[in-house]
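Visitor: after the sequence you'll find the predicted model.
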Amino acid sequence: MTIWALIPLITCLTYIVLLILTLPSIKRRINRLFAFYLGVAAVWSFTSFMLHLNAFPQQALLWNELLVAALVWTLITYYHFIRTYTNKPAGMGVYLGYALVLVLAVLCLSGYIVQYAHVIDGVLYHSLGISIYFIGGISLIFVGAGLYLLIKQYRNSIDPIERNRTMYLIAGWSILMLLSATNLIMVPTVAGLPLDHIGSLINALIISYVILKYQLLDIRLVMRKGLAYSSLTIFLTALYLLLLFILQMFFHGWLGYTSLALAAGFALLVAVLFNPVRNFIQKWIDRIFFRETYDYRQMLLSFSDKVSNVLDLGELAQSILDPVVKAMHVKQAALLFPKPESGDFNTQFAQQATKEEPSIKLRLTSDNPVVTWLATEGKAVKRELVDTIPQFKGLWEAERVALEATGVELLCPIRSKGNLIGILAMGKKQSGSPYSDEEVDLLMTMANEVAVAVENARMLDSLKKQQRQVEQLLTQAVQTQEEERKRISIDLHDSVAQWLVAASYRTQTCNELLSGDNSAEVRGELAAMESTIDKSLKELRRVVIGLRPPALDELGLSHALRQSLEDLKTDGLNCQFREAGTPVRLPSSMEIAVYRVVQEALANVRKHANATKVNLRLQFLADKLSVEVRDNGTGFDLSQTLDGAISVGHIGLLGMKQRAETLGGGIRIKTGKGSGTTIILSLPIQAQTEEG
Amino acid sequence: MATADELLKQGRYEELWRRCCGFIDLSLEDFMKIQQRLLSEQLELLKRCELGRYIMNGADPYNVEEFRERVPLTTYDDYAPYLLKKREDVLPMKPALWQYTSGKSGEYPFRWAPVTTEQLKEMELLIFALLFFSSCKQRNEIALKEHDKVLYGMAPPPYATGTMAHVFPHELFDFLPPVEEAEKMSFEERMQQGFGLALSEGLDVCIALSSVAIAIGDRFSQKSNNTSIKALLKRPKAIARLVRGLVKSKLAHRSLLPKDLWSLRGLITFGIDSSIYREKIKEMWGREPLEFHGSTETVFIATQTWDHQGMTFIPHLNFFEFIPEEESIKSREDPTYQPSTLLLDEVKPGNYELVITSFHGGPFVRYRLGHLIEITSLRNEQLNIDIPQMVFLSRVDDQIDIAGFTRLSEKIIWQAIENTGLAYADWTARKEAKDKPALHLYIELKENGYVTAEQAAASVDEELRKLDTPYAELESFTGLRPLEVTLLPQNAFQLYKQRQQASGADLTQLKPPHINPADDTIDFLIDTAGKVTVKAGQKAKV
């Protein structure tokens, strides 16, 4: 066999391997067409191989005739594939082309095209007569049309991935055409060589590259696994045959059972080698496929072992994001965690491939359909599915734009015990190619494995934060208690005590006066004493009200809250009070807690909000009480305020939260700079008696 | 991201179906979540614009409950000062285009409504959904392909059905005639040209007003015996199709019908008369028409699916509220009465007046469309759709109240006339009370419709009694037949149309209303038309 027979053989085998790998994906039209093209191209290469092999010189003419028809068939099939790739229907041209192939095949086999054919030293000497112009002309039309379609597609496309894909196809097609054109050269030593098959082989390799790099047909996983098993089969078969060959060479004297036993032994050896060799080959192919990302991918697969003991959230995030960015070759990635007060998911940690890349800054509200989907379905969401999943019809336009603007391509849920505890947001890949299903699976595996570690770290983080808050609250509580005691002490000392002392003196004076006959003076003294005691009483009442408002006990929660709101009107605010549901009396501890939370909220409105309008809404539901304080003021950055609260000792919001949580309820705060503030207090209730 | 066109071209059918038709697989809970979320978005937009603040009358709702509690119900009169002047500066979102429908008699000839880019985007996907539903036999089946031939027989822009044509995926399908040519033609020219091309090229999908679909069928059956061969000689494909059709019709012993010429893969019809003509259209075209419900103000509301039964609500274009029929009547009798509304997850089978709030920056808020619909079931058992199903009954104001016993809608009267089998050209009706309140029906019979007014009245009365129980009871309780019929002179409606055309009236005003026409309309139909004789093929001067 000469090198000129070997080239079409290799090309043919390459096409067959590609065909086998494509077959499982032929559900899509484009894949089907591509598979068809591979099959036809394999036939063309095979005819060329048979011709150049020259095993039966008397059949050279027949193989040459078949070769001519197969060549034109291949060109037309590839043109058909290009039409499909460029979203065009087959059209009359393609059908006409196939009809011409049929006519050509009949003419060839009838001996009208190839006049003679001989192969000498691998070089084909033949004559097609004037039909070469006819065949060349037809081929040129389809070649030109295919090239035109590809160039047009390249120009019209704005998608960089598609442009790259198309560019490679143009390059492959051009090389194939250039080398195929050698068939038209009238010098036998050039035209007779299967140079067109070198072009065909290069084209096949380029297509393979486009499949791998730009997911031309979405068969990457099949191809990777397929290549591994093909290589394994070739290697083991070759090994077995080699061993048998050696056996035959050196032990040809041994006959019968010994030889059979040795052959069986070799087969056993091959079987034993199967697994280690398969692993080795798979690893080798994976390395070729994934190049420098291979080690990081391996790291992702064994992630849980490495991160199970990491309890620092920052450290954990780093150890997730760093390999993810490198393994996937992405521009950026981020971890989003929910804010305890709102449940909204915000970017907490972000990593970029280079400093130049912008980091992902994303905020997904707790009721965002994407968040709901990730939480309930537990599946990753690719950006392209945002317009496809019907539940996402509820996305706001601004949310769609924000998602688009951040460059997020993939969102993977991190779930623990069925709850969504975090989101891994992946940016665009540096190659611009989309995420394959295999990559999504890898990321999901990793996300599932790190979920427990993430939850532990977040719990620890949250506990630390809570601990700091509790410590701060305790300090504040002790301090407040001391200040309150001091105030009551001073108040009582400076007022009631003084007046009661005075009253005491006057009582003594009365005593003395009553001993004589001066009743008028006694009356005067008694009146003064009465006044003093009245003042004392009023002051005492003021102190008592400060400790617990009597309106709360006497008239109930609604009236007390209404009164608090009335006080705010003196500051010029437009205040509205609304009540819904059937009012009921609540346990005293609950009423005072609600009252204090509202007082704190209103105090904040007065001090910080710069609002003109305040709405207070009290709602009695069957099983819960809801109080909402809403203002139209400047709003604030909630996270920043809460984080800063501890450090600067402003713990009003934390105090409110603490009060609500003590009673089994909670506080929700909706705010943002320039959009007012809404504080919603919810408490579970067990009604006592009807109010009022 | 691939567009719907590209998905179809690439054969990614599952993805395409999910994107366009996936809403039918939502649970009611998911449906309501979409409604509530998009309402929140819309409220934010409304709060920021002049029209929104004006319509909401100072209310500042932030959830559905507050919205229903504080925002008043509205009618077009509330929007007229802004929308009739096309004031884009006051709207929640800048519109991409404006569309109109007929207005309020004597006050404004048209009701203009803006359509935003976001609404158009959703419309395009829903048009795909209609095409798929009309042509499939099961879920996820996409029976249409690139370059299918489409005939579009809806009204042109700026009517809402014209907007549908605007967003229709033109490049994907072959329009008959091509859109750029069709835009320069009158409606009649377009239809004529379209059918000429359909005869040569074939026809896969027909989208038309029900009345147009019927008119085409009628025209075929009438012309089948005198087809001009000479005109067809230049088009051999058309001759072949026609010959094949004629053979089919002769074998079936009937006149030529569209179904003899084309095997449609999709048929979509629109109009109040869709359900009345359904069987007739099916008979003519050989395919059951797919109906959908919408309006100028709402774009799409609901659509049938491939079982051609009730319509499924579309969650992402409008927020839906429903006024129970009794409440609706009460509020119309007493305009100060504010009726309560129900949401889609609160309704039960029964009749309701529809109230909508536009999403995606549309202007309408708690807008009383005046559409009376029936919730036929809370889910589609056959197709396993979890969303309540509806049928359109009538316009609320297109009803004739007879002695407080019954309210006859346009649709019921039409259905009754149709069921009699009378050969009629057109009709109109109103309540007239001389000695007793009665429905007075004015019918123009076709040339071959030989019946007396009394015979016609008896037939219609019989059908009405079958269709409307309260009507039958009224007759049995009082012993009086609350129906009178006047037969109009030949061509009365044609003459009316010509008079309207001569006065420059719009397409929707060429025919008199079916319900409650004005006195001068009735006078014209009876008197003036009676004095004019029109020969076939001639135009009368009125």
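Guide: Received it, and whenever you're ready, just let me know what you need. Numbering: from 1, shown residues only, chains lettered A, B, ... in the order given.

Visitor: from A:Val272, how far out is A:Ala261?
Guide: A:Ala261 is 16 Å from A:Val272, where distance means Cβ to Cβ, to the nearest Å. Every C-beta, even on glycine, is put in place using the N, C-alpha and C of the backbone.

Visitor: before we move on, what about A:Leu410?
Guide: For A:Leu410, the distance to A:Val272 - Cβ to Cβ - is 41 Å.

Visitor: buried residues in stretch B:186-202?
Guide: By neighbour count on 16 or more other Cβ atoms under 10 Å in any protein chain shown, the buried set for stretch B:186-202 is B:Arg190, B:Met191, B:Gln193, B:Gly194, B:Phe195, B:Gly196, B:Leu197, B:Ala198, B:Leu199, B:Ser200, B:Gly202.

Visitor: and A:Leu410 and A:Val272? Which one has more around it.
Guide: Taking other Cβ atoms under 10 Å in any protein chain shown, A:Leu410 and A:Val272 do not tie; A:Leu410 has more neighbours (25 against 10).

Visitor: checking A:Val627 next. Helix, strand or coil?
Guide: Classification of A:Val627 using DSSP: H, G, I helix; E, B strand; the rest coil returns strand.

Visitor: identify the residue spatially nearest to it, adjacent ones excluded.
Guide: Distance criterion Cβ to Cβ, 6 or more residues apart in numbering or on different chains; nearest residue to A:Val627, sequence neighbours excluded, is A:Leu681 at 4.5 Å.

Visitor: quick check: that neighbour vs chain B, distance?
Guide: As judged by Cβ to the nearest Cβ, to the nearest Å, A:Leu681 and chain B stand 16 Å apart.

Visitor: hmm, B:Val64 is touching B:Lys33, no?
Guide: No: judged on Cβ atoms under 8 Å, B:Val64 makes no contact with B:Lys33 at a distance of 11.1 Å.

Visitor: in the stretch 351-500 of chain A, which spans are strands?
Guide: A:363-364, A:381-382, A:410-416, A:419-426 (DSSP state E, counting those that start in this stretch).

Visitor: where do the helices sit along the stretch 301-450 of chain B?
Guide: B:325-333, B:410-420 (DSSP state H, counting those that start in this stretch).

Visitor: would a markdown table of those with mean neighbour count and distance to B:Asp148 be doable?
Guide: Supplementary listing: those in a markdown table, determined by neighbours: other Cβ atoms under 10 Å in any protein chain shown; distance: least, Cβ to Cβ, whole Å:
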| stretch | mean neighbour count | distance to B:Asp148 |
| --- | --- | --- |
| helix B:325-333 | 16 | 42 |
| helix B:410-420 | 21 | 32 |
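
Visitor: residues from the stretch 301-450 of chain A in reach of chain B?
Guide: A:367, A:369, A:372, A:383-384, A:387-391, A:393-398 (Cβ under 8 Å from any Cβ of the partner chain).

Visitor: B:Pro61: how many residues sit nearby?
Guide: Per other Cβ under 10 Å, the neighbour tally for B:Pro61 reads 18.

Visitor: how near is it to chain A?
Guide: Applying Cβ to the nearest Cβ to B:Pro61 and chain A gives a distance of 11 Å.

Visitor: thought that residue was touching B:Phe67?
Guide: Yes: counting by Cβ under 8 Å, B:Pro61 does reach B:Phe67; the two are 4.1 Å apart.

Visitor: mind listing the shared neighbours of these two?
Guide: Residues touching both B:Pro61 and B:Phe67 by Cβ atoms under 8 Å, 6 or more residues apart in numbering or on different chains: B:Leu43.

Visitor: follow-up on the earlier one: switch the strands of the stretch 351-500 of chain A over to JSON lines; also include mean pLDDT and distance to A:Leu618.
Guide: Formatted as JSON lines, these follow (pLDDT from 0 to 100; distance: least, Cβ to Cβ, whole Å):
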{"stretch": "strand A:363-364", "mean pLDDT": "92", "distance to A:Leu618": "31"}
{"stretch": "strand A:381-382", "mean pLDDT": "93", "distance to A:Leu618": "40"}
{"stretch": "strand A:410-416", "mean pLDDT": "93", "distance to A:Leu618": "37"}
{"stretch": "strand A:419-426", "mean pLDDT": "93", "distance to A:Leu618": "32"}
